[in-house]
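need coordinates for the following:
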Amino acid sequence: MKLSILVPVYNERTVVESSLAKVFAAQLPDGVEKEIILVNDCSTDGTKEILDRIAAAHPEIRLVHKPVNEGKGAAIRTAIQHATGDFCLVQDADLEYDPSEYTRLLRPLLDGNADAVFGSRYLTSEQTRVLPYWHSMINKTLTLLSNMFSNLNVTDMETCYKVFRTDLLKSIPIRSDRFGFEPEITMKCAKRKLRVYEVPISYHGRTFEEGKKIGWRDGVKALGAILYFWLIDDLYVEPYGRGHLHNITGTPRYVQWLVGLLRPHLGDRILEIGAGIGNLCGSLMGRRVLYVAGENDRLYLHALRNRFLRTPNVRVAEVDPRNPIAVDGEFDTAIAANVLEFAEDPAVIAANLAAKLRTGGKPLVIVPNGPGLYCNLDRTLGHKRRYSQAVLEGVLNGAGFEVKEIHGFNRMSTIAWVINGKLFGSKALPKVTLKVFDMTAWIWRRIDPILPLPGLTLFAVAVKK
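Below you'll find the predicted structure:
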């Protein structure tokens, strides 16, 4: 296995050589090698020449010079693009953090318990330098606020030492250019439901006289980052197909709307295909005998396994609905929410569902409604088509089902879809619009049946003959 050590560097000529010497000397667990990604953030004090000399002497170093100074977050973003290891660890180029603790940081990841590990300066450790009171209080206050909005209980959100599984880190967009990286990545770990562990680390902090760069303005910006990334669900690197879909189905009040439609038709044994990150499963599994959450996207599979690791009646299975579904047993209910619109041949998926349902079993299908509404928004999402009631009914009948109920819903959203997608040709719904919609979904849900508009979404219930 390999550890990629990401080192952003800016104007550190007095300490960078000593700091990197400790990185070179750091011992790793048996079987783990290291690569070092140095990103020179357009240093102007002679650091560039020092880095060139060090990189020439060490083949495990990959050195990147940025033409413009953008900040720590931007440098880490660049380093992530060059990382090839199984894990990524962020290491500042000063002497505040001790590379001899790499093994401690890696252990929860190597044991398979964690997706991300934070090194905490406030858990019990062997030694921590005593620094100005107000600096520590600002850090702890920002951690408290981050915990309140992310619903994580970390003790040190602002820590430099953060280690991630590389495949997951590469799938998360990093938007912050400066020190907002810390609250941003913490909030996104929470929203992506990564397994986050903390381990105690020692800390040898610098004063401003010794070269510390973060200041009170960065604290204010960190607060802004906490609020911004709490409000905005920007969780997947674009273009990431159904990552766009998360911004729609990841809104909790809208999910509850879907749950209200599905729940009356559920049996004891449920198969869901295209389960995503488990939004529906988390609300529907209840007292069911078995809920199989099927998915064929590796990132979503990982999220599902994390989320339902200790849920005995939920089984996560790798399911490609275009192929025969290799899951043991028959089911009472099959859920296909936002799946058929991605298929080249939806009849194949319907037939595969029929093969896994008992006689009398019910498929519950949710698809986008209205072929005339097809636009750039659908293309961005990867939709091949939108459905009419007649077309969806034909697909289900062809697979041996008898349709019992079919209707459109979410009528108010049709207005936003037409304005953004058809009128302005937008490729994505504004994230703020989605958040506002979710906050008011309880109103639209109640008045939906009386609105004189076509539903944006179509819901069908059928029975296997």
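
give me the three-state assignment for residue 316.
In three-state terms, and counting by DSSP: H, G, I helix; E, B strand; the rest coil, residue 316 is strand.

nearest residue to it in space, ignoring adjacent ones along the chain?
Nearest non-adjacent residue to residue 316, counting by CB to CB, 6 or more residues apart in numbering: residue 304, 4.5 Å away. For every residue, glycine as well, the C-beta is placed using N, CA and C.

same thing with residue 31?
Distance criterion CB to CB, 6+ apart; nearest residue to residue 31, sequence neighbours excluded, is residue 1 at 6.1 Å.

which residues does residue 329 contact?
The contact partners of residue 329, by CB atoms under 8 Å, 6 or more residues apart in numbering, come to 269, 290.

follow-up on the earlier one: and the residue nearest to residue 31, what does it touch?
By CB under 8 Å, 6+ apart, the residues touching residue 1 are 31, 32, 33, 85, 86, 87, 110.

now do 7 Å
Applying CB atoms under 7 Å, 6 or more residues apart in numbering to residue 1 gives the contacts 31, 32, 86.

ok, then the element right after the lowest-mean-pLDDT helix or strand in the chain?
Least confident helix or strand of the chain, by mean pLDDT, DSSP states H and E, is helix 243-249 with a mean of 49. Next in sequence after helix 243-249, counting helices and strands by DSSP states H and E, comes helix 252-262.

quick one: buried ones out of the contacts of residue 1?
Buried residues within the contacts of residue 1, counting neighbours by 16 or more other CB atoms under 10 Å: 32, 86.

in strands, which of the contacts of residue 1 fall?
Using DSSP state E, no member of the contacts of residue 1 falls within strands.

closest one of the contacts of residue 1 to residue 75?
The nearest member of the contacts of residue 1 to residue 75, counting by CB to CB, is residue 86 at 21.5 Å.

against residue 165, how distant is the closest one?
7 Å (CB to CB, to the nearest Å).

and what of residue 277?
Using CB to CB, we find residue 277 at a distance of 16 Å from residue 165.

of the two, which one has the most company?
Taking other CB atoms under 10 Å, residue 277 and residue 165 do not tie; residue 277 has more neighbours (26 against 20).

quick one: contacts for that one?
If a contact means CB under 7 Å, 6+ apart, then residue 277 has 193, 246, 300, 303, 304 as its contacts.

as a markdown table, the residues you listed with secondary structure and distance to residue 19 would be great.
Output for the contacts of residue 277, formatted as a markdown table (DSSP: H, G, I helix; E, B strand; the rest coil; distance: CB to CB, whole Å):
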| residue | secondary structure | distance to residue 19 |
| --- | --- | --- |
| 193 | coil | 34 |
| 246 | helix | 38 |
| 300 | helix | 38 |
| 303 | helix | 35 |
| 304 | helix | 40 |
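
for PyMOL, write the select line for the buried members of the residues you listed.
Buried residues within the contacts of residue 277, by 16+ other CB under 10 Å, are selected in PyMOL with:
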select buried, resi 193+246+300+303+304
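
tell me the one of the contacts of residue 277 nearest residue 234?
Ranked by distance to residue 234 (CB to CB), the contacts of residue 277 are led by residue 246 at 9.9 Å.

which stretches of the stretch 351-465 of the chain form helices?
For the stretch 351-465 of the chain, applying DSSP state H, counting those that start in this stretch gives helices covering 376-381, 389-398, 412-417, 431-439, 441-447.

for residue 96, which of those is the nearest?
Smallest distance to residue 96 across these (CB to CB): 35.0 Å, for helix 431-439.

what angle separates the closest one from helix 252-262?
In terms of direction (axes from the mean of the first three to the mean of the last three CA atoms, to 10 degrees), helix 431-439 departs from helix 252-262 by 50 degrees.

can you give me the distance of the residue nearest to residue 31 to residue 288?
Counting by CB to CB, the gap between residue 1 and residue 288 amounts to 38 Å.

same check, this time on residue 203
Counting by CB to CB, the gap from residue 203 to residue 288 is 47 Å.

same check, this time on residue 463
Residue 463 is 19 Å from residue 288, by CB to CB.

with residue 118 instead?
According to CB to CB, residue 118 and residue 288 sit 35 Å apart.

of these two, who's got more company?
residue 118 (28 against 17).

leaving out the residues flanking it, which one is nearest to that one?
Nearest to residue 118 is residue 198, by CB to CB, 6+ apart, at 4.9 Å.

likewise for residue 302?
residue 168 (7.2 Å).

ok, now residue 194?
That would be residue 115: by CB to CB, 6+ apart, it lies 4.0 Å from residue 194.

dump the residue contacts of that neighbour.
By CB under 7 Å, 6+ apart, the residues touching residue 115 are 164, 165, 168, 194, 195, 306.

alright, calling it a day.
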